Every structure is written in structure tokens, then in C-alpha cells.
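Peer 1: model this:
(one chain, ligands or ions: 2)
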Amino acid sequence: SLDWTSYSDLPAIYEFINELAATYPNMVTVTSAGQSYEGNDMPLVKISTGGSGKNVIFAEGGIHAREWIAPAYVTWMIRELVENYAAHPEYVDNIDWYIMPVLNPDGYTYTFSPSGDRLWRKNRAPNQGICVGTDLNRNFDFQWNTGGSSSLECGETYHGGAPFSQVEARNVRDAILSVANQTKVYFSFHSYGQYWLTPWGYTSALPDDYQDLYDLAQSAVDKLTAVEGTPYTIGTSTNLLGLASGCSDDWAKGGAGIKYSYTVEMRDTGRFGFQLPASQILPNNLEVWEGVKVVAEAVMLM
Ligand code: 0X9
Ligand code: ZN
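Peer 2: Ligands and ions are numbered 1, 2, ... in the order given. Presented below is the predicted three-dimensional model:
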């Protein structure tokens, strides 16, 4: 099993979720959302105590390869929901959780490879020229290529040749669409900066239900910060980080119709940045989980 005192590579993460499914067959189901460009599997973990028509929370991490804390958080949340079920059965009894721990398995693997690049962001699919990779978080088909993304293959935010040109983005799309009518919340976990972000990222205009998204985010961040004082800033992606179109969160809301779409930029604020020390995995996870629980409690009442 994983212990979250160090970062886990892709095989260790996959072994963990498969073992969990074998140990808790009545609560955990692992299916495949498809394969990546390089042929890595993209598992979709469903946590459920059964029944039909329950509200869904869809969560994912690792769309950006170097943001190691994202898969580390999401895998820990899977463990907390399942192995610590008895401490808070309501979160699983009342909600079906669909979780994709590593949306960019090729890039993630590349950041672990001695011949790779620890700070790689994009996927690993080749382009026409010499530069590899598309920013999967610019490849979604909602306001695609309308600002804040790069048309250059070598760019860190290259949006790809067309919306959903990348197989990993299509796999996530299809996984979300398969449960979209039940899904109340979409979470995209990233690092870093300590932001709890709402749509939109393609425009500085606010969604018409922005107040609802903001209020729930505020309740979540209040609990998160209460753990040990870690400050988070709440607002729209555009207004806090600048324009970025074609992102998964905007598509989840504007394309898939999921009202509460959040991108959570976890620790830190730049001291270590993407290379967050492993000693901060558990403190990060404990505080973010406090925020997620607030959202889950709201989902039970939706
Ligand atoms: O730029 C991104 O993709 C995210 N920040 S990161 O530093 N992790 O790369 C923020 C995405 C926020 N959402 C939208 N702009 N829609
Ligand atoms: Zn990111």
C-alpha cells in the first residue's frame, strides 16, 4: 500500500487502487477509461455502496505531469473514503465517487524517469515538429483556443491541433459524460498556489450562478484553513490567474453541465512549487480533505 510519506510512481498507484478494489469489492470498482497515447491505462475508480441514481462527485488529479501532489492527494482521498469508511459512512452511503488519479499517465511517468524531466507539464504525444506534448488542460472543447493558450507546439500551454485532439482528454470527457446527469461537483486537483478556483477561465465574466459556487468554496476554505492556518484564495480562474481557455473545469461546467466545477491549486505558494517536499503530502491532504468534506456535505443535500 501507499503511505504518503513519499511520492508514488504510476505502477505503485495502480497497484494500490487494484489492491483496494480486491480488498473492498463491495465498495470499490476499478474500470478503465481508456489508454493514453503511450498505452498506459487510465483507471477510473468508483467508490459506492450501491443503489442507483445517487449524486456523484467526480474528482481527478494529475492532468499536469509535474504536479505530484495532485495524484498524492487523490489517492489518499480514495483511501480515506474506503479504509476509513466507518469513521464517516455518510460520504460513501449518500454519494457515488468517481475518481481518476492520474489523467496524464505518460507525462507523470516522464517526470519520474532519470532520462525524463521532473518539471514536464504536458502529455507525451508527438506533434508535427520536434516538440512533444499538448497541455491537456487547454485541449477541452469549450471555448477552445479563445485565449490564454499557445498555438505553438513547443509552448507549455499548447492547446493541440483541435479540441479533444488528445486521447487522454477524450477519455476523461467520456468518463465524465457517462455520469454527468448525476454529477453535482467536478474537482480538478492541481498545484500550486493555494487557490480554490471557479469558472470561468476563458473570460473575466462571472458565471450566472457564481455566488453559489463562491459561497460553497468559502465554506470549504474556512474549514481547510482552520486545520493549520494555510490560506487559500477563492475566485474565478481568469480573475486570479489570467485567461486560460480549453480547460477541463470550464468544459465540465459549460460543456457537461456540472454546476459546481472547481480547480483546486494545492500547496504551496512557490517556495518549493511543483517540488513540494514529501513531508508536506499528509498535511496538505488533511487540510484539503476538510474542504472536500464540506462540499460532500452540501452534495448530500442537493
Ligand atoms: O493553467 C492551468 O491549467 C491551471 N494552473 S496550473 O498552474 N496548475 O497549470 C489553472 C487552470 C484554471 N482553470 C481555467 N483557467 N479554466
Ligand atoms: Zn496544473
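Peer 1: which residue packs closest to residue 153, ignoring adjacent ones?
Peer 2: In this structure, residue 153 finds its nearest non-sequential neighbour in residue 127, 3.9 Å apart by C-beta to C-beta, 6 or more residues apart in numbering. C-beta here means a position set from N, CA and C on the backbone, and glycine is covered the same way.
Peer 1: quick check: the one you found touching residue 155?
Peer 2: No: using C-beta atoms under 8 Å, residue 127 is not in contact with residue 155; the gap is 10.4 Å.
Peer 1: sorry, back to before: report pLDDT for the residue nearest to residue 153.
Peer 2: Here the pLDDT value assigned to residue 127 is 98.
Peer 1: where along the stretch 201-302 of the chain do the strands fall?
Peer 2: Applying DSSP state E, counting those that start in this stretch to the stretch 201-302 of the chain gives strands spanning 233-236, 260-266.
Peer 1: so which of the ones you listed is nearest ligand 1?
Peer 2: strand 260-266 (4.5 Å; C-beta to the nearest ligand atom).
Peer 1: thinking again about what came up before, neighbours around the residue nearest to residue 153, how many?
Peer 2: By other C-beta atoms under 10 Å, the residues close to residue 127 number 17.
Peer 1: 9 is where my numbering starts, stick with that
Peer 2: Taking 9 as the first residue, the last one we looked at is residue 135.
Peer 1: against residue 295, how distant is it?
Peer 2: Between residue 135 and residue 295 the distance is 38 Å, computed by C-beta to C-beta, to the nearest Å.
Peer 1: residue contacts, the residue of the chain found nearest ligand 1?
Peer 2: Ligand 1 sits closest to residue 209 of the chain, with a gap of 2.1 Å, by C-beta to the nearest ligand atom. Neighbouring residues of residue 209 by C-beta atoms under 8 Å, 6 or more residues apart in numbering: 156, 244-246, 249, 251-253, 255, 257-258.
Peer 1: need the residues you listed in JSON lines with pLDDT, can you?
Peer 2: Converted to JSON lines, the contacts of residue 209 look like this (pLDDT from 0 to 100):
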{"residue": "156", "pLDDT": "98"}
{"residue": "244", "pLDDT": "98"}
{"residue": "245", "pLDDT": "98"}
{"residue": "246", "pLDDT": "98"}
{"residue": "249", "pLDDT": "98"}
{"residue": "251", "pLDDT": "98"}
{"residue": "252", "pLDDT": "98"}
{"residue": "253", "pLDDT": "98"}
{"residue": "255", "pLDDT": "99"}
{"residue": "257", "pLDDT": "99"}
{"residue": "258", "pLDDT": "99"}
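Peer 1: got a winner among those residues for most neighbours?
Peer 2: Across these, neighbour numbers were computed from other C-beta under 10 Å; residue 255 holds the maximum, 29 neighbours.
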